[in-house]
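**Q** Prediction below, plus the sequence it came from.
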Amino acid sequence: MTALISLKNISKTFLTEEIETRALNGINLQINKGEYISLSGQSGCGKSTLLSLLGLLDSPTTGDYQLAEEDASSLTRNQRAKIRSQQIGFVFQSFNLISDLTVFENVMLPLTYQTGLAKTVIESKVNDVLEKVEMAHRKNHYPAQLSGGQQQRVAVARALVNDPAIILADEPTGNLDSKNAEAVLQLFDQLHQDGATICMVTHDPASAQRASRCLEMFDGQLIKDSINHQAGSEHNVQPVELAVG
């Protein structure tokens, strides 16, 4: 398999009021193209810190980070922002949609940071990803007119619109009821089957088992890295209909 991300001896230390906290300690990890990875562990174990580093929202204190065979360990803030906009899609627990923008406008937002894109190209890209997440029929609605599950589908569409190299999801079902959570997880299953590379932080063991590879953290270290041979086999069921709200 082709390595998309390679972390070698990554550590992250935070200094607050002269107190040193090591959030990550000697992380070694390779993520290959097309993998669906879950990252689990107790609160405070370093999951979100690791996801932030993977997503170039922060830089490691020490260690080497290669993204698509390019050194991403010591980029400037502007360099990290540029790569994020081009190669990384984020899905957050709280959706992070802009309330006074329509569904279409929210999904279009990442494309506005690219120069030279024709209006017709932008419209085509947005419509395509809204179709993929089955939200095209709500493109002129506002976030407040959608259920939580529908808002999260819009957030996934926004993450996909730039055709990113990897999708990073931080507790994507954390704010959803069981029905909408299942619908979003089925969407991730389908994206993986279509070839997407996904890394999902989750506290839910059942959600973690949807992934083809399961990582577990404890006290800033990776303590488990296993292939899940059963992933997908029991989830090819009829799609769950999203609640309308």
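**A** Great, that's in hand. In this text the structure is predicted, and so the values were computed from the model without any measurement.

**Q** Three-state assignment for the residue positioned nearest the centre of the chain, please.
**A** Most central in the chain under Cα atoms, centre = their mean is residue 168, positioned 1.8 Å from the mean C-alpha point. Three-state assignment for residue 168 (DSSP: H, G, I helix; E, B strand; the rest coil): strand.

**Q** which residues touch residue 87?
**A** 67, 68, 162, 164, 165, 166 (Cβ atoms under 8 Å, 6 or more residues apart in numbering). Heads up, the C-betas are built off the backbone N, CA and C, glycines and all.

**Q** cool, residue 227 as well?
**A** So residue 227 contacts 212, 213 (Cβ under 8 Å, 6+ apart).

**Q** partner residues bridging it?
**A** On the basis of DSSP bridges, residue 227 is bridged to residue 213.

**Q** just use 22 as the starting number from now, easier for me
**A** From this message on, residue numbering opens at 22, which makes the last subject residue 248.

**Q** So it versus residue 55, what's the distance?
**A** 13 Å (Cβ to Cβ, to the nearest Å).

**Q** Do you have the helices of this structure handy? List them.
**A** For the chain, the helices defined by DSSP state H occupy 68-75, 98-108, 124-129, 140-153, 169-181, 199-214, 226-229.

**Q** and the angle from the longest one to strand 187-191?
**A** Inter-element angle recorded for helix 199-214 and strand 187-191: 160 degrees (by axes from the mean of the first three to the mean of the last three Cα atoms, to 10 degrees).

**Q** who are the neighbours of helix 199-214, in terms of helices and strands?
**A** For helix 199-214, the elements it packs on are helix 169-181, strand 219-222, judged by 3 or more Cβ pairs under 8 Å, 6 or more residues apart in numbering; DSSP states H and E.

**Q** Which positions in that helix come out as buried?
**A** 201-213 (16 or more other Cβ atoms under 10 Å).

**Q** can you put the residues you listed in TSV and add pLDDT?
**A** Formatted as TSV, the buried residues of helix 199-214 follow (pLDDT from 0 to 100):
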residue	pLDDT
201	90
202	91
203	93
204	91
205	92
206	93
207	93
208	93
209	95
210	94
211	93
212	93
213	94
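
**Q** that older thread, and the helices and strands packed on helix 199-214: which comes nearest residue 32?
**A** Residue 32 lies closest to strand 219-222 among the helices and strands packed on helix 199-214, at 19.0 Å (Cβ to Cβ).

**Q** pLDDT on that closest one, on average?
**A** What strand 219-222 shows for mean pLDDT is 97.

**Q** before we move on, what about stretch 89-104?
**A** 87.

**Q** Now it - C-alpha only, CSV.
**A** What follows is stretch 89-104, C-alpha atoms only, in CSV (Å, rounded to 0.1, in the frame of the first residue of the first chain):
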residue,chain,number,x,y,z
ALA,A,89,2.4,12.7,0.7
GLU,A,90,6.2,12.3,0.9
GLU,A,91,6.7,16.0,1.8
ASP,A,92,8.1,17.1,5.2
ALA,A,93,5.3,18.7,7.2
SER,A,94,7.1,18.8,10.6
SER,A,95,8.3,22.5,10.6
LEU,A,96,6.0,24.4,8.3
THR,A,97,5.0,28.0,9.0
ARG,A,98,1.4,28.7,9.9
ASN,A,99,0.6,30.0,6.4
GLN,A,100,2.2,26.9,4.8
ARG,A,101,0.1,24.6,7.1
ALA,A,102,-3.1,26.6,6.2
LYS,A,103,-2.4,26.2,2.5
ILE,A,104,-1.9,22.5,2.7
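
**Q** Alright, that wraps it up for me.
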